[in-house]
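Q: Mind folding the following:
(2 chains)
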Amino acid sequence: MDATSITVNGKAHSVEVTPDTPLLWVLRDTLGLTGTKFGCGMALCGACTVHIDGEPMRSCTTRISAVAGRSITTIEGLSPDGGNPLQLAWLAEQVPQCGYCQAGMIMTSAALIAKNSAPSDSDIDDALAGHICRCGTYQRIREAIHQAAMKSKPQSKKAANGGAQ
Amino acid sequence: MSAAPRNLQLHNFNQLARRDFLKTSVTAGAGLVIGLYLPLLAREAEAAGKAFAPNAFVEITPTGDVHLWCARSEMGQGVRTSMLMILAEELDADWTRVKVVQADFEAKYGDMTTGGSQSVRGSWTPLRKAGATARDMLVTAAQQSWSVPKSECTTRAGTVIHAKTKRELAYGELAAKAAMLPVPQDVPLKDPKDYRILETKKARVDGPFIVIGEAHYGIDTKVPGMLYAVVARPPVFGGRVKTFDPAHAQAVAGVRKVVEVPAVEMPPLFGEERKENSGHQHYLWGGVAVVADSTWQAVSGRKALMVEWEPGAGADESTEKQRASCAEMVKSAGKELRKIGDPAAALTSSPKKIEAEYELPFVAHTPMEPPNCTARVHDGKCEIWAPTQNAPGMAAALASALNISLPAITIHVTLLGGGFGRRLNIEYGVEAALISRAAGAPVKVFWTRDDDLRHDYYRPMSHHRLRAGLDPQNQITAWLHHVAAPTTDGFYLGGDIPDTGGTELGGAGFPNGTVPNYLLEASFLHTAVPRGYWRSVDVSWNHFAVQSFIDEVAAAAGKDPLELRRQLIATKPPAAEAGGDEKPVNVERLRRVLDLAAEKAGWGKALPTGRGRGIANLYSWGTYIAQVAEVTVAKDGSVHVDRVVCAIDCGQVINPDMVAAQMEGGIAFGLTAALFSEVTIENGQTQQSNFNNYPMVRISDMPRVEVHIVPSHEEPGGAGEPPVPSIAPAVANAIFAATGKRLRRLPFQTQELAQG
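A: Now for the predicted structure:
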């Protein structure tokens, strides 16, 4: 077993696992970050989605050896206090039912609105095409993403204006 | 939001008037604690004669917090919130001070099973009474402190108020005194016009934890010294381990042990009687467990493991053969379950006859959190952490398999990442306990998706032959329905289809009662494929056939499908469910949801070419529901469901937003089965292994769902299962409206719709 260095939610870790170990199991078993879920093990359902250097990735099929030295964000690190606009919109729309797939949904949605401040329904459908919610919360997910995008906008405008001055 | 055998959900919810159903218990320094009994399944009737054994507790602490011990499992249906709302309403509690505590399984809780869309139905009256009784005792305590008439005292948000003297006492200040008072009987309940909490959109109590990744499901369990295991299970249904060679698995880094899991007979799920030599098929079939220091090491170890299997009873089975058997069986007479008039003669003499056959496959539950269980067996004790809908059933199975007594068993019920009936099963708990005992350590048993799909308890396949006769005025004179399917009751308990139809014929009732000659018959397919209760159970298959066939009859009679449904219930109510003893059908409520769905959907208004509308309606679980689906069929035959209008009358609504969520989710669940789901068998093995070959509805497949709730103060009905069955026939009927083509097999074989 080799030691692999990764940064998770801003904190550096050195983990000793075989190089073929999926990032998902390092997060869950080794680091105790269980917010990221197993759903399929084959990148078919999106439940295990985390950000790797800001990009949404399936941690169940990402070998630890492929992320050495990279920066990983999990649902636990998305915001310090649950105050990310998506987390707030998720509650305002009462999106979750069982809630199991929702961390993956939120992580992909966060990556979406970071790039697209006003996603259309079809942008949302494209971004979340790889995700499954067995409880069927999709309609509310769309609403929550629109709401979060709206709430996020003024800030980015302000930032843009600030930059212009 | 899930399934339970329909014949077990019958005897319970009107048996709440036991004199001693509320009791207080006092411990030093504690506040007011009230124990109550929340009935669910048939055991309630039997327990009525025994000593009071509360399975829920309400505590009002001296600091003013209200705690409700919830003995039901939370699997997304919102039970932890809805139960709290019912209690808080009658208690007049401060909503910010009420908290739900998940009850561990202990023998004292008795029944904790969660299924049959029963949680609210079974808890409604006892929780209201508990809340009202506690409130009354708190008022009495205040009134005695102030020496004022009780009638002058009111309550609001956790406080007793004496307006005349402008005095207030918080519940916490009164709790210790109230606990010393006798428990009053027959305290009046609130008038619905005074509701402040019920019928509002209170947020789910688990939401804030879910969105930050801090909600803990079974799979998230970690206990000190815990090892991780995966199990190689017999690939053929009914198979067993013959021999195995652990060497290669043991050579994998981190693998600690390779242990055989013995085959073990499982008891009935719900404490039912099972006859000697019943022929039931309910077993843990055993396997070989690879126990390691981490999940991935266990998975890697299993890949290297060599096992030779006994093939098992199902080795020759295939979907093709099963379909052919069922198709053959419906050609001759089956077991007669309902007969009115002389249906055969009436059919023969009808000038117009309509006949159609429908088929549904085995389907799997596939909750997003696969089955898993953590067990610690040591010193004759067993501690379990499980996402389970059926802690009492699991405890009974553990006691039997480990040969220990119930008090030696504790089950911590975690949050469930979906249930849908899969977790009414109990074998995965026994398996984990046996592995923990063999490994001499706490063990978390992990199931891959492949494990889940290949070792489920599937919703049974079924084949339906329907025939109807019309008289010269196009009135239905005869309706004959023959179902061929393996039985679920037979799987768990043994035996053939019971005379009542058992858990096989829900949803087959309609239009029994509305037509002069009616026949319902059933044939039994022998199979080793495990069957189980899948969200909406038997209604899911029978209803598809019945509601599709009504449309076919309407087309043959030249009638509008909505109009035919209205006409059928115009003179006589349909009979109650064939599979159960549901209350008589209220025709007005049935008609109201039909009309409401039709009106909101714009029934009868023209749609562009390639689009169509279909309707289906249902009475079950004490709830009335109608759905109108709007579909687009593309030239290549692909079907998209654009919109679903759902009208529901589920009696008294606890939380309208949670009802709407259940409708949205139930429609998605039913739509997955209608469009995609098929478990196929070859050489006695399931062929599907993951979401690539067992697809689910995804976001782009999701229709816009519009929910319309009929306001009502009738007894609450269920909300978890009722939205599931109607979507498949509503979509089939919409496809017919769009294309003139009738799809009679699920999942829809849409290639048949391709043009040119």
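Q: got the end-to-end distance for stretch B:230-249?
A: Stretch B:230-249 has an end-to-end distance of 12 Å (criterion: Cα to Cα, to the nearest Å).
Q: Give me the pLDDT for the closest residue to chain A within the stretch 1-150 of chain B.
A: As assessed by Cβ to the nearest Cβ, chain A sits closest to B:G76 within the stretch 1-150 of chain B, at 3.2 Å. Quick note: C-beta positions are derived from backbone N, CA and C, even for glycine. B:G76 carries a pLDDT value of 95.
Q: need the contact list for it.
A: Residues counted as contacts of B:G76 (Cβ atoms under 8 Å, 6 or more residues apart in numbering or on different chains) are A:P96, A:Q97, A:C98, A:G99, A:C135, B:M1, B:L416, B:G418, B:G419, B:G665.
Q: Three-state assignment for it, please.
A: coil (DSSP: H, G, I helix; E, B strand; the rest coil).
Q: measure it to B:G558 for me?
A: Distance, B:G76 to B:G558, using Cβ to Cβ, to the nearest Å: 44 Å.
Q: next one: B:I404
A: Taking Cβ to Cβ, one finds B:I404 at 67 Å from B:G558.
Q: which residues touch the closest residue to chain A within the stretch 651-756 of chain B?
A: Relative to chain A, the nearest point of the stretch 651-756 of chain B is B:A668 (2.5 Å; Cβ to the nearest Cβ). By Cβ under 8 Å, 6+ apart, B:A668 lies in contact with A:C133, A:C135, A:G136, A:Y138, B:V697, B:M702.
Q: How about B:V307: what's its closest non-neighbour residue?
A: Spatial nearest neighbour of B:V307, chain neighbours left out: B:F244 (4.3 Å); criterion: Cβ to Cβ, 6 or more residues apart in numbering or on different chains.
Q: Sticking with the one you found, tell me its helix or strand.
A: For B:F244, the host element (DSSP states H and E) is strand B:240-245.
Q: B:A647 too?
A: Here B:A647 is assigned to strand B:639-649, by DSSP H and E.
Q: do that strand and chain A meet?
A: No. Strand B:639-649 is not in contact with chain A by Cβ under 8 Å from any Cβ of the partner chain; minimum separation 10.2 Å.
Q: Walk me through which strands that strand pairs with, and which way each runs.
A: Strand B:639-649 sits in its sheet next to strand B:623-633 (antiparallel), strand B:704-709 (parallel), going by DSSP bridges.
Q: What is the three-state secondary structure of B:M658?
A: helix.
Q: does B:C70 really touch B:G78, like I thought?
A: No. Here B:C70 does not reach B:G78: they are 11.3 Å apart, not a contact under Cβ atoms under 8 Å.
Q: Tell me which of these two has more neighbours.
A: B:G78 (32 against 27; other Cβ atoms under 10 Å in any protein chain shown).
Q: from the stretch 201-350 of chain B, which residue is nearest to chain A?
A: For the stretch 201-350 of chain B, Cβ to the nearest Cβ, closest residue to chain A: B:G213, 2.0 Å.
Q: what's the spacing between B:A508 and A:A111?
A: B:A508 is 48 Å from A:A111, by Cβ to Cβ.
Q: swap that for B:I615, please
A: 41 Å.
Q: who's more crowded, these two?
A: B:I615 (27 against 18).
Q: Distance check, that one against A:G69.
A: 59 Å.
Q: Over to B:E74?
A: Taken as Cβ to Cβ, the span from B:E74 to A:G69 is 40 Å.
Q: So between the two, which is more surrounded?
A: More neighbours surround B:E74 than the other of B:E74 and A:G69, with 29 against 9 (other Cβ under 10 Å).
Q: Domain map for the chain?
A: Just so you know, I chose chain A. A:2-77, A:85-157 (automatic domain parsing).
Q: please go with chain B instead
A: For chain B, the structural domains run B:6-210, B:218-312+B:369-454, B:586-756, going by automatic domain parsing.
Q: which secondary element of chain A has the worst mean pLDDT?
A: helix A:138-164 (a mean of 73; mean pLDDT, DSSP states H and E).
Q: could you check the distance from the nearest residue to B:D538 once chain neighbours are set aside over to chain A?
A: Take B:D538 and drop its neighbours on the chain: the residue closest to it by Cβ to Cβ, 6+ apart is B:G506, 4.1 Å away. Going from B:G506 to chain A by Cβ to the nearest Cβ, to the nearest Å gives 22 Å.
Q: Let me see the ranges of the strands in chain A.
A: A:2-8, A:11-17, A:49-52, A:55-58, A:71-73 (DSSP state E).
Q: before we move on, what about the stretch 101-250 of chain B?
A: B:153-156, B:159-162, B:167-170, B:227-232, B:240-245 (DSSP state E, counting those that start in this stretch).
Q: tell me the most buried of those?
A: Counting by mean count of other Cβ atoms under 10 Å in any protein chain shown, strand B:227-232 has the highest mean neighbour count of those, with a mean of 26.
Q: which ones are touching the closest residue to chain A within the stretch 401-550 of chain B?
A: Nearest residue of the stretch 401-550 of chain B to chain A: B:G417, at 3.1 Å (Cβ to the nearest Cβ). The contact partners of B:G417, by Cβ under 8 Å, 6+ apart, come to A:37, A:98-101, B:75, B:217-219, B:367-369, B:387.
Q: Check pLDDT for the residues you listed and point me to the minimum.
A: For the contacts of B:G417, the pLDDT minimum is B:M75, 95.
Q: residue furthest from the geometric center of chain B?
A: Here the centre of chain B is the reference, and by Cα atoms, centre = their mean the most remote residue is B:T165, at 51.5 Å.
Q: Tell me how many other residues crowd B:K444.
A: That count, for B:K444 with other Cβ under 10 Å as the rule, works out to 27.
Q: tell me the contacts of the closest residue to it other than its chain neighbours?
A: Sequence neighbours aside, B:T374 is the residue nearest to B:K444 in space, at 4.3 Å (criterion: Cβ to Cβ, 6+ apart). By Cβ under 8 Å, 6+ apart, the contact set of B:T374 is B:G218, B:T221, B:V223, B:M226, B:I384, B:W385, B:A386, B:A432, B:P442, B:V443, B:K444, B:V445.
Q: So between B:I404 and B:G558, which is more surrounded?
A: B:I404 (16 against 8).
Q: could the domains of chain B be laid out in TSV, adding distance to A:I124?
A: Shown next, in TSV, are the domains of chain B (distance: least, Cβ to Cβ, whole Å):
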stretch	distance to A:I124
domain B:6-210	20
domain B:218-312+B:369-454	23
domain B:586-756	7
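Q: can you tell me which residue is nearest the centre of chain A?
A: Central residue of chain A (Cα atoms, centre = their mean): A:M107, at 1.8 Å.
Q: count of residues packed around the spatially closest residue to that residue that is not a sequence neighbour?
A: Leaving aside its sequence neighbours, A:M107 sits nearest to A:T49 (Cβ to Cβ, 6+ apart; 4.5 Å). Neighbourhood size, A:T49 [other Cβ under 10 Å]: 31.
Q: wait, doesn't A:T49 sit right on A:S109?
A: No. With contact defined as Cβ under 8 Å, A:T49 does not reach A:S109; the gap is 9.6 Å.
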